[in-house]
Structure formats: C-alpha cells, structure tokens
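In: curious how this folds, go ahead:
(one chain, ligands or ions: 1)
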Amino acid sequence: MMRRGRVEVICGSMFSGKTEELIRRMRRAEFARQRVEIFKPSLDTRYSEEDVVSHEGTTINSTPVDCPASILLLSSDTDVVGIDEAQFFDNSIVDVCNELANRGVRVIVAGLDLDYLGQPFGPMPALLAIADEVTKVHAICVRCGSLAYVSHRIVDGDKQVMLGEMKEYEPLCRECYKKEKGGRNL
Ligand code: ZN
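Out: I've put the predicted structure just below:
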C-alpha cells in the first residue's frame, strides 16, 4: 500500500484540548492497525517521563527526545508520528516534519500557537505554514465565556517556557486580555 505523508498541526492556547485531540487521532490510527509513536521535548516533564498526559488525564505512551533529529532516527518503522508540545523544539522541527511527510509518514503536531505575551511561539508559525491541514482549538475565556485566544500568566516571571497548570495560567479572549493588560504595550 502506498503511504501518503502529510503534516497536520493542532494549535491553540493552554487548556484548549490540543493534547486530547492529538491522542484522539493517534488512538484512531492505532485502531486501524497503524504503527504510531508520540514524541515530546524532554523538558516537558510535568507529570511523567514516559507518557503524554493531557489535562484531562488520558494518557498515551510517548518518547521524550532532546532534539528533533532524534525523532527521525527513532521513527523508521512508524506510520503515524505524533509530536506534542512542539513549541518547545527549535526550528529544525520544521525540516524534520517535512522529511517525515516526504517519506510517507502522517505527522500530527500539537503545540501552543502563542506564548503568554501573545507572541507566536517558537517554531509554531513555520509549522503552521508547512502544514497540509491546520486545526485551531480553543479554550473558554475564564472571564466572559467567549473563545479564548491567549494563555495569560497569573504568576510572576518572564520565562517563555510554559509548563503550568490552571494555577499559573488562565485562558483569556482577546478583549479580556486587552483589559487585563490595561492597554499597555500591546
Ligand atoms: Zn473574555
């Protein structure tokens, strides 16, 4: 059977269900007897070293990797490659996704589109550009119930790395984020 490679990107703010959507697609591929493998950056060790764990607690096995090149090395027998928390990888993840798709692999990438300052996050803009298909998922704004747009940081700090849970970040819509910032430096 000829395999058709493609790149699918699932992006959105924190608490938008990105990882749940990634897991859903990977499970369906597993039911179809495809060989699946999930990779994530090794710095995302919030819950467990081995599993991709979503905020809703559904898990699927995953392999932490230090750099995108490792994904190429470790996925030679894989039909569907999932990549979670892609925003933490460097830009070489873009070439890796292209290379996999050109080999006939279906690549499903999940990541935060914006950091807590509302700036495009790491390699995500380039991944969105090369994607065959883009799905933007939304959390609900905790202030007004509209669709959220950005993950606002509640606690102090200026590191871009976001490994938080509900305690540290809250999803806000564009309007409520604007009010929160009081029009400063937007
Ligand atoms: Zn709002």
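
In: so residue 134 sits right up against residue 128, yeah?
Out: Yes: Residue 134 is in contact with residue 128 according to CB atoms under 8 Å; the separation is 5.7 Å. Using the backbone N, CA and C atoms, a C-beta is placed for each residue, glycine as well.

In: got any residues that touch both of the two?
Out: In terms of CB atoms under 8 Å, 6 or more residues apart in numbering, residue 134 and residue 128 are both contacted by the residues 9, 11.

In: and the residue nearest in space to the middle of the chain, what does it touch?
Out: Residue closest to the average C-alpha location in the chain (CA atoms, centre = their mean): residue 111, at 1.8 Å. Taking CB under 8 Å, 6+ apart, we find residue 111 in contact with 9-11, 18, 83-87, 121-122, 124, 127.

In: what about residue 19, distance to residue 102?
Out: Counting by CB to CB, to the nearest Å, the separation of residue 19 from residue 102 is 26 Å.

In: name the residue in the two with the higher neighbour count.
Out: A direct count of neighbours by other CB atoms under 10 Å for residue 19 and residue 102 places residue 19 higher, at 25 against 9.

In: what about that one, which helix or strand?
Out: helix 18-31 (DSSP states H and E).

In: so which bits of that helix are buried?
Out: Buried residues in helix 18-31, counted by 16 or more other CB atoms under 10 Å: 18-26, 29.

In: ok, now stretch 88-98?
Out: Buried residues in stretch 88-98, counted by 16+ other CB under 10 Å: 88-89, 93-94, 96-97.

In: could I have stretch 139-154 exported to CSV, CA atoms only?
Out: Listed next in CSV are the C-alpha coordinates belonging to stretch 139-154 (Å, rounded to 0.1, in the frame of the first residue of the first chain):
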residue,chain,number,x,y,z
ALA,A,139,-10.2,27.1,25.5
ILE,A,140,-13.0,29.1,27.0
CYS,A,141,-12.2,32.6,28.5
VAL,A,142,-12.4,32.3,32.3
ARG,A,143,-13.7,35.9,32.5
CYS,A,144,-16.5,36.0,29.9
GLY,A,145,-17.0,32.6,28.4
SER,A,146,-16.0,33.6,24.8
LEU,A,147,-13.5,31.5,22.9
ALA,A,148,-10.1,32.1,24.5
TYR,A,149,-7.2,33.4,22.5
VAL,A,150,-4.1,33.5,24.7
SER,A,151,-2.8,31.8,27.9
HIS,A,152,-2.4,34.7,30.4
ARG,A,153,0.2,34.1,33.1
ILE,A,154,-1.2,34.8,36.6
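
In: what's in contact with that stretch?
Out: Counting by CB under 8 Å, 6+ apart, stretch 139-154 makes contact with 12-17, 112, 114-116, 118, 138, 162, 164, 167-177, 180, all of which sit outside it.
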